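A.B. asks: Next one to model:
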Amino acid sequence: MKQEHINALRTCQLLKDINEKDFDVSVTFLNGIIKTYRKGQTIIHFGDSIHAVGIVLEGQVEGSFLNETFNEYSLARFTTGEMFGEALCLIEEQNSPVELKALVSTTILFVDIKPIVLRQTKNTFAFTLSKNLISILAKKNHYLNLKVRLLSQKSLRDRILMYISLLPQDKQGFRKIPFNITSLSSYLGVNRSALSRELGRMENEEIIIRSKDYIKIND
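C.D. replies: The predicted structure is shown next:
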């Protein structure tokens, strides 16, 4: 395995507290397979069956879903060391409600997490894998609950303010926006032009302060 791939696995929550010397045996235990995708290539299509969890070793992946009018909205982005598909894999979802695409040239390690759940080994790292998986699922559930709350906000301004408030802030109260305006509009499920106009109005009304990729809500 490449050194950069090992470095990515060091940051993966599934392998948290597992000794690096056990990475290879852990990946083998999980039937790991590495695949590479070109920029823009679809990794999982809407309706695909989900049989393995993806761990991003290099690159970036975007997950999106279709609303009731079949408009596509960004759900989440996954970068080096992050996982996707664990919940769908566990419930053996036969029709994926999300689509995943490579935003850049991307390498992914696909693993089968069922051996963790079925406890098919007495290896000491199996318990750690199981504990980490439970933690990951809990965090993803919390994230999705927040996303539902965000999209349920009636006004665009409320949606923007709630999104900003969920971002970590520095000592000056500024928060880094991890998206460009197009990606942010997709994530918030709104029109790009409407988002730009509303951000401009909020800035003029001194509700927010903007500085490049950073934004602050005025008290």
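A.B. asks: all helices for the chain, in order.
C.D. replies: Along the chain, counting by DSSP state H, helices occupy 3-10, 23-29, 86-90, 114-118, 124-151, 156-166, 181-188, 192-204.
A.B. asks: give me every residue that touches Leu161.
C.D. replies: 207, 217 (C-beta atoms under 8 Å, 6 or more residues apart in numbering). For the C-beta atoms, the positions are set from N, CA and C on the backbone; glycine is no exception.
A.B. asks: Roughly how far does it sit from Ile217?
C.D. replies: 7 Å (C-beta to C-beta, to the nearest Å).
A.B. asks: Check Thr182 too.
C.D. replies: From Thr182 to Ile217 the distance is 22 Å (C-beta to C-beta).
A.B. asks: And for Val98?
C.D. replies: Going from Val98 to Ile217 by C-beta to C-beta gives 30 Å.
A.B. asks: Give the full set of residues in contact with Glu206.
C.D. replies: Asn218.
A.B. asks: just to revisit the earlier point, Gly173 is nearest to which of the helices of the chain?
C.D. replies: helix 156-166 (10.5 Å; C-beta to C-beta).
A.B. asks: what angle do that closest one and helix 192-204 make?
C.D. replies: Orientation check (axes from the mean of the first three to the mean of the last three C-alpha atoms, to 10 degrees): helix 156-166 against helix 192-204 gives 70 degrees.
A.B. asks: And helix 156-166, how far out from the chain middle?
C.D. replies: Its chain's C-alpha centre and that of helix 156-166 lie 19 Å apart, by C-alpha atoms, centre = their mean, to the nearest Å.
A.B. asks: Then stretch 47-65?
C.D. replies: 9 Å.
A.B. asks: any idea of the mean pLDDT in that stretch?
C.D. replies: Model confidence over stretch 47-65, given as mean pLDDT, is 89.
A.B. asks: buried set for it?
C.D. replies: 48, 50, 52-65 (16 or more other C-beta atoms under 10 Å).
A.B. asks: Same check on stretch 167-175?
C.D. replies: Buried-residue list, stretch 167-175, by 16+ other C-beta under 10 Å: 174-175.
A.B. asks: residues in contact with that stretch?
C.D. replies: 164, 176-177, 209, 211, 214-217.
A.B. asks: and those, which of them are in strands?
C.D. replies: Here DSSP state E is the test, and these give 176, 209, 211, 214-217 as lying in strands.
A.B. asks: before we move on, the earlier item: for Leu161 and Ile217, list the residues in contact with both.
C.D. replies: Ile207.
A.B. asks: quick one: which of the ones in strands among the contacts of stretch 167-175 has the most company?
C.D. replies: Counting neighbours by other C-beta atoms under 10 Å, Ile215 comes out on top of those with 22 neighbours.
A.B. asks: surely that residue meets Ile181?
C.D. replies: No - counting by C-beta atoms under 8 Å, Ile215 does not reach Ile181; the two are 11.8 Å apart.
A.B. asks: Span of stretch 18-31 from start to end?
C.D. replies: Terminal residues of stretch 18-31 are spaced 17 Å apart (C-alpha to C-alpha, to the nearest Å).
A.B. asks: what about that stretch, distance to the chain center?
C.D. replies: The answer for stretch 18-31 is 23 Å, by C-alpha atoms, centre = their mean.
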